[in-house]
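Student: build the 3D model from these lines:
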Amino acid sequence: MIQDKTLLSIERALMHGIQEMVFIVRVDDNGLFYEFVNQAAMDKTDLDHTSIGKTFFETQTYELADMINSQYLKVLESNGPITYEDSYTDPEGILRYSKTCLTPMFDSDGKCTHVVSIVQDITGEVEAKQESVDSLKNLEESRSYYHSLFEHNADAILTLDLNGQIKGANPMGLKVSQLPKEEFYEKRILDFVAPEDKRKTLLNFQKAKNEEYINFRVNVLQNDNKMLSVLVKFIPIKIREVTTGFYVILKDMRELDHMVELYMEVEKNFRVIAENANDVIILINHEKQYLFISPSIEELYGFTPNEYLGINPLSNIHPDDAASLYIKLSDAKKHRAICKMRIRIKHKFDHWVWSELHATPVFDESHSYSHMVIIVRDVSLQKKYETELEFLAYHDPLTSLPNRRFFQEALEKALSEYHKKGVKFAVMLLDIDKFKSINDQWGHETGDVVIREFSNRLKAKIHKTDVVARLGGDEFIILLPDVDSENCALSVMDKIRQAMRYTWEFENTSLSVMTSIGMTMPNKHSTISSILKEADKAMYVEKKSKIGNDVGYRF
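Tutor: You can find the predicted model right below:
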């Protein structure tokens with residue numbers, strides 16, 4: 001009785017107490033059969049209690065079953081444990097990565113009777129490694145952008161360590177210092193500040209160390225004993241969220257101070273203009289009349305300040321942005337808040353310039369609205385980068401086709417429409433026959449050319465409303481929405497096969513490339529996972545039927 005209870009406890013522990021997936025496979029003369037599958041394995045795969053006593057090929061897709069079977073055969077051949085890493089799609093359609101350890105079990109005669117498989121989910125580790133690679137790539141790109149910004153900035157920029165020691169400077173910084181580079185880098189930032197401003201500088205440097213960053217004015221000493229008035233700001237240099245030093249931006253204030261004398265009536269307007277010298281500065285009173293337009297408007301939008309005085313405010317704003325901007329400006333006045341918005345402003349030569357607008361309402365001593373201070377800057381390049389990054393997030397870089405993420409969202413939408421409204425669709429999974437042989441014989445550059453040509457021929461045979469995506473490697477997938485019958489999908493498949501039969505010519509190389517296609521349509525029980533598995537199964541059935549036939553490519 002005690003032994004039975006012990007065995008029962010062990011079985012419960014294996015079934016429910018272990019987070020890793022556990023499989024026990026029986027080995028006999030007839031093959032390999034599942035004898036035990038714990039709960040974690042059932043939750044993370046399509047296996048269940050009915051899988052007990054069945055083979056890999058009775059419970060998995062042919063490709064997956066063939067791969068698993070080959071690993072178990074390695075254990076039987078070596079009579080020792082092996083470990084391998086793999087990936088699989090869980091019942092929710094999420095790609096996961098695993099590390100599997102297969103251990104043989106022997107009877108008293110030394111014969112292997114079972115193989116115990118323990119599968120550990122390493123998705124987090126794999127994704128962390130990928131994120132590290134992506135982060136490195138982004139770091140290199142960012143380093144290039146920041147280098148350009150640093151070297152060509154019109155303002156003087158210095159780099160400091162945490163003690164205020166100067167470690168670097170852009171060309172404008174060296175020009176302001178009027179010192180040779182070697183001598184300049186032996187100085188501290190306080191060595192260049194006028195005596196009466198040293199305390200202010202040191203105080204703000206300490207505030208920056210405590211993550212309080214403010215703009216402040218000081219006078220900088222130059223070799224000719226002249227004073228240069230600059231606006232200073234400390235910007236932290238952070239590595240893994242730890243501040244390791246500071247950038248110091250020194251903005252020459254002489255021109256701005258002159259502008260303040262000419263145009264500014266109050267101290268608040270002076271601060272806004274002083275801190276945004278390179279942007280377009282516009283003042284509009286409560287009657288919507290221009291009080292001031294900075295000369296920089298001509299460089300950004302082609303108009304001189306005098307030309308812009310004759311244009312009605314908001315009339316040069318893109319129609320899709322004008323209404324929202326008007327509402328936000330009204331709210332800014334009502335709530336005494338800053339309005340920030342990205343808008344498109346018409347250039348003198350009739351193209352639109354993506355711009356970022358900051359509008360600050362100004363009130364007089366009686367708290368009545370006086371005028372609006374508007375700062376506008378060109379963000380076209382930033383917008384372009386954001387658009388490119390958004391495209392890359394949903395498209396394959398080699399073919400420019402939608403990627404797995406894009407297709408997943410499109411399939412989710414199509415499946416939802418099917419379950420709600422009965423709108424039918426078809427999914428086709430494709431790959432290139434014997435693509436590995438092409439890579440091996442002709443090299444990966446030719447393989448990439450084949451992939452691109454394959455994608456072009458696919459796009460040419462589908463409608464604009466269809467979705468063709470590259471899943472990775474030589475594997476592609478197509479979503480045909482609003483397909484009424486299987487015959488319609490089969491017709492598309494025939495067109496694709498016909499397109500692939502035309503000779504492929506690449507730099508004096510002639511190939512004949514074929515494809516295997518698996519097609520499926522949804523039913524009332526369909527999920528994303530089941531649709532993908534059905535398409536995968538159909539494709540490998542066709543691929544298996546070609547084994548032994550002269551099907552694939554010729555050269």
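Student: other SSEs contacting the strand or helix carrying T113?
Tutor: Assigned by DSSP states H and E, T113 belongs to strand 112-121. Contacts defined by 3 or more C-beta pairs under 8 Å, 6 or more residues apart in numbering; DSSP states H and E place strand 112-121 against strand 21-28, helix 62-78, strand 95-106. (Each C-beta comes from the backbone N, C-alpha and C, glycine too.)
Student: comparing these, which comes out most buried?
Tutor: Stretch with highest mean neighbour count among those: strand 21-28 (a mean of 18; mean count of other C-beta atoms under 10 Å).
Student: pretty sure E35 sits against T113.
Tutor: No: using C-beta atoms under 8 Å, E35 is not in contact with T113; the gap is 9.8 Å.
Student: shared neighbours, these two?
Tutor: R26 (C-beta atoms under 8 Å, 6 or more residues apart in numbering).
Student: what comes up buried for the strand holding T113?
Tutor: By neighbour count on 16 or more other C-beta atoms under 10 Å, the buried set for strand 112-121 is H114, V115, V116, S117, I118, V119, D121.
Student: would you turn those into CSV with distance to D494?
Tutor: Output for the buried residues of strand 112-121, formatted as CSV (distance: C-beta to C-beta, whole Å):
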residue, distance to D494
H114, 48
V115, 45
V116, 48
S117, 42
I118, 47
V119, 41
D121, 42
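Student: in CSV: the residues you listed, plus pLDDT and distance to S491.
Tutor: Converted to CSV, the buried residues of strand 112-121 look like this (pLDDT from 0 to 100; distance: C-beta to C-beta, whole Å):
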residue, pLDDT, distance to S491
H114, 92, 50
V115, 91, 47
V116, 90, 50
S117, 90, 44
I118, 88, 48
V119, 88, 42
D121, 83, 42
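Student: nearest to H367, of those?
Tutor: Nearest to H367 among the buried residues of strand 112-121 is D121, at 62.0 Å by C-beta to C-beta.
Student: so how far is T113 from that closest one?
Tutor: Using C-beta to C-beta, to the nearest Å, D121 is found at 28 Å from T113.
Student: next: T446.
Tutor: 49 Å.
Student: ok, now V220?
Tutor: Taking C-beta to C-beta, one finds V220 at 84 Å from T113.
Student: repeat that for I338.
Tutor: 75 Å.
Student: for the chain, where's the lowest mean pLDDT among helices and strands?
Tutor: Lowest on mean pLDDT, DSSP states H and E among the helices and strands of the chain sits helix 267-274, with a mean of 49.
Student: any idea which helix or strand comes after it?
Tutor: Following helix 267-274 toward the C-terminus (DSSP H and E): strand 280-285.
Student: any idea which element L325 lies in?
Tutor: Per DSSP H and E: helix 319-335 holds L325.
Student: can you pull the phi/psi pair for F435?
Tutor: With angles defined as degrees, to the nearest 10, F435 sits at phi -60, psi -30.
Student: check contacts around it.
Tutor: G447, V450, G473, D474.
Student: let's go with 6 Å and repeat that
Tutor: Shown in contact with F435 (C-beta atoms under 6 Å, 6 or more residues apart in numbering): D474.
Student: excluding its backbone neighbours, what's nearest the residue most central in space within the chain?
Tutor: By C-alpha atoms, centre = their mean, the chain has its centre lying nearest to A393, at 4.7 Å. Among residues not flanking A393 along the chain, R405 sits closest, at 7.1 Å (C-beta to C-beta, 6 or more residues apart in numbering).
Student: Three-state assignment for the one you found, please.
Tutor: Put simply, R405 is helix when judged by DSSP: H, G, I helix; E, B strand; the rest coil.
Student: what about it, how many neighbours?
Tutor: R405 has 12 neighbouring residues, counting by other C-beta atoms under 10 Å.
Student: what do you get for S526?
Tutor: S526, neighbours per other C-beta under 10 Å, totals 16.
Student: assign it to helix, strand or coil.
Tutor: Using three-state DSSP, the structure places S526 in coil.
Student: element containing the nearest residue to it once chain neighbours are set aside?
Tutor: Spatially, and ignoring its direct neighbours in sequence, S526 is nearest to L415 (6.7 Å; C-beta to C-beta, 6+ apart). Assigned by DSSP H and E, L415 belongs to helix 404-421.
Student: for that helix, give me every contacting residue.
Tutor: Contacts of helix 404-421 (C-beta under 6 Å, 6+ apart): Y394, V423, F425, V467, A469, L471, I477, L479, P481, P522, I528.
Student: nearest residue to the last one in space, please, no chain neighbours.
Tutor: Right, I528. Closest residue in space to I528, ignoring its immediate chain neighbours: G93 at 4.2 Å, by C-beta to C-beta, 6+ apart.
Student: what about the nearest residue to R254 once chain neighbours are set aside, neighbour count?
Tutor: In this structure, R254 finds its nearest non-sequential neighbour in S229, 6.4 Å apart by C-beta to C-beta, 6+ apart. S229 has 15 neighbours, counted by other C-beta under 10 Å.
Student: correct me, but S229 touches K251?
Tutor: No: applying C-beta atoms under 6 Å as the test, S229 and K251 come out as separate, 9.7 Å apart.
Student: and A426, how far from R452?
Tutor: 25 Å.
Student: okay, these two: which has more neighbours?
Tutor: Set A426 next to R452 and count neighbours by other C-beta under 10 Å: A426 wins out with 26 against 14.
Student: neighbours around T45, how many?
Tutor: Around T45 there are 21 residues (other C-beta under 10 Å).
Student: who are the contact partners of it?
Tutor: By C-beta under 6 Å, 6+ apart, the contact list for T45 is empty.
Student: show the pLDDT at it.
Tutor: In this prediction, T45 carries a pLDDT score of 84.
Student: quick one: pLDDT of L471?
Tutor: Reading off the model, L471 has pLDDT 92.
Student: for it, identify the helix or strand it belongs to.
Tutor: Using DSSP H and E, L471 sits in strand 467-472.
Student: and the residue nearest to R254, that's in a strand?
Tutor: Yes: assessed by three-state DSSP, S229 belongs to a strand.
Student: which residues does it bridge with?
Tutor: Counting by DSSP bridges, S229 is bridged to N219.
Student: how close does it get to S370?
Tutor: S229 sits 28 Å away from S370, going by C-beta to C-beta.
Student: contacting residues for T360?
Tutor: Contacts of T360 by C-beta under 6 Å, 6+ apart are I338, V373.
Student: show me what it bridges to in the sheet.
Tutor: Note on T360: beta-bridge partners V373, judged by DSSP bridges.
Student: tell me the pLDDT at it?
Tutor: On the pLDDT scale, T360 is placed at 92.
Student: one more: Y369?
Tutor: Per-residue pLDDT puts Y369 at 91.
Student: isn't I478 right up against V468?
Tutor: Yes: checked against C-beta under 6 Å, the pair I478 and V468 is within contact range at 4.8 Å.
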